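**Student:** sequence and predicted structure are below.
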Amino acid sequence: MSFLNQRSNDALNINPPAGDHHLTTHGSDWLWAVTALYLLFLLVVVGHSYVARSGERIFHYLFTISLFVGTVAYFTMASDLGSTPINTSTGDAGTRQIFYARYINWFVGWTPIIIAVGLISGVSWATIIYNIALSWVWVASWLSGALVATHYKWGFFAFGTLAYFLLSASLLHVGSVTAKRLEISRSYLLLSSWLAFIWLLYAIAWGVDDGGNTISVTSGFIFFGILDLLTVPVVAFAVLFLSRKWDYRSLNLYFTQYGRVPQGGEFPEREKSVLQPSAAPAAAPVTPAAETV
């Protein structure tokens, strides 16, 4: 039974870490655990989509993308891939391993989350696109700052944090107005407040990890890994749980071949095709009257 005591994680041997300050084997073990959790949540959401009622799978589709992207990203980082060495912020402590795969995960994986929250609130598509763009500016700014070795990185941090505050203000204020009209304020405020709070903790994590380089790479992954689990899987399961009591018709969340319309509602395209037939029916031939004897 001695083989049970042997370590099976040889990712760092196959893919040697880059930089003087880099991921450790214990950190890779933690990342594999997060990968497994993401994969488990992904399979549960996909499986549940097959038993969901017709027309009520929009959230399953969105969260499937977020969880799928997170699974791939954490698999990449657990394998010690998707990184590059950058000089530390002090400039005299060597190089530090920066994982750009982390930012790809946020850039892509947070987009379906923002779409889902926007659909729940009932805001316009323009507001949803605005919120998505803010999240992209946020993540791109922090990625740029993580790849900068000088103190100018804090400028990018400030830009990204400003985008976060604008996004949170949009979620908490604009979204709450329309959610109140749809009589779904309680569920929406719970979800949006949770996101705004967890995302605020990301600023602290970035400041001590990729920004200030005051904690180790492994410690940074533990911090961000917990936050990522509290963001995507927790929000996904919260929405699927809360949505059981929602009226999809009043929320206008039914998606059909005619667009975003209530199930059983009136579809202009269908009525038009019925009222305006492609061709008029041919006139019936006139039968001459029979001669009388």
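**Tutor:** Happy to help now that I have it.
**Student:** return the residues in contact with the residue nearest the centre of the chain.
**Tutor:** In the chain, the centroid-proximal residue (Cα atoms, centre = their mean) is Trp110; its distance is 2.8 Å. Shown in contact with Trp110 (Cβ atoms under 8 Å, 6 or more residues apart in numbering): 66, 135, 139, 231-232. Where C-beta positions appear, they are placed from N, C-alpha and C, glycine not excepted.
**Student:** and the strand or helix carrying it, which residues are buried?
**Tutor:** Per DSSP states H and E: Trp110 is located in helix 101-121. Buried residues in helix 101-121, defined by neighbour count with 16 or more other Cβ atoms under 10 Å: 101-121.
**Student:** can you pull out the residues in contact with whichever strand or helix holds Thr127?
**Tutor:** Taking DSSP H and E as the definition, Thr127 sits inside helix 125-146. Around helix 125-146, the neighbours that count as contacts under Cβ under 8 Å, 6+ apart are 86, 98, 100, 103, 106-107, 110-111, 114-115, 118-119, 153-157, 159-161, 163-164, 166-167, 170-171, 174-175, 206, 210-211.
**Student:** do the same with stretch 225-245
**Tutor:** With Cβ under 8 Å, 6+ apart, stretch 225-245 has contacts from 30-31, 34, 37-38, 41, 45, 48, 56, 59-60, 63, 66-67, 70, 74, 105, 109-110, 113, 116, 120, 187, 190-191, 194-195, 198-199, 201-202, 205.
**Student:** quick one: secondary structure of Gly220?
**Tutor:** helix (DSSP: H, G, I helix; E, B strand; the rest coil).
**Student:** what about the nearest residue to Asp210 once chain neighbours are set aside, how many neighbours?
**Tutor:** Spatially, and ignoring its direct neighbours in sequence, Asp210 is nearest to Ala146 (3.9 Å; Cβ to Cβ, 6 or more residues apart in numbering). When neighbours are defined as other Cβ atoms under 10 Å, Ala146 has 23 of them.
**Student:** how near is Ala146 to Arg244?
**Tutor:** 40 Å (Cβ to Cβ, to the nearest Å).
**Student:** so Gln97 sits in a strand?
**Tutor:** Yes. Counting by three-state DSSP, Gln97 is located in a strand.
**Student:** these two touch, right, it and Asn15?
**Tutor:** No. Using Cβ atoms under 8 Å, Gln97 is not in contact with Asn15, being 11.4 Å away.
**Student:** give me the more crowded residue out of those two.
**Tutor:** Taking neighbours as other Cβ under 10 Å, Gln97 and Asn15 compare with Gln97 leading, 18 against 15.
**Student:** now do the helices in the stretch 151-293 of the chain.
**Tutor:** For the stretch 151-293 of the chain, applying DSSP state H, counting those that start in this stretch gives helices covering 153-169, 175-181, 185-206, 217-242, 268-275.
**Student:** can I get those helices in a markdown table including distance to Leu23 and mean pLDDT?
**Tutor:** Below are the helices of the stretch 151-293 of the chain laid out as a markdown table (distance: least, Cβ to Cβ, whole Å; pLDDT from 0 to 100):
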| stretch | distance to Leu23 | mean pLDDT |
| --- | --- | --- |
| helix 153-169 | 21 | 97 |
| helix 175-181 | 38 | 86 |
| helix 185-206 | 16 | 95 |
| helix 217-242 | 5 | 95 |
| helix 268-275 | 54 | 45 |
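**Student:** okay if I get those helices as a markdown table plus distance to Ala11?
**Tutor:** Output for the helices of the stretch 151-293 of the chain, formatted as a markdown table (distance: least, Cβ to Cβ, whole Å):
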| stretch | distance to Ala11 |
| --- | --- |
| helix 153-169 | 28 |
| helix 175-181 | 41 |
| helix 185-206 | 23 |
| helix 217-242 | 13 |
| helix 268-275 | 53 |
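**Student:** any stretches of the protein with poor pLDDT?
**Tutor:** Scanning the chain for pLDDT under 70 picks out 1-7, 54-55, 91-92, 254-293.
**Student:** what's the distance between the residue nearest to Asn131 when sequence neighbours are not counted and Val46?
**Tutor:** Spatially, and ignoring its direct neighbours in sequence, Asn131 is nearest to Ile114 (5.0 Å; Cβ to Cβ, 6+ apart). Ile114 sits 21 Å away from Val46, taking Cβ to Cβ as the criterion.
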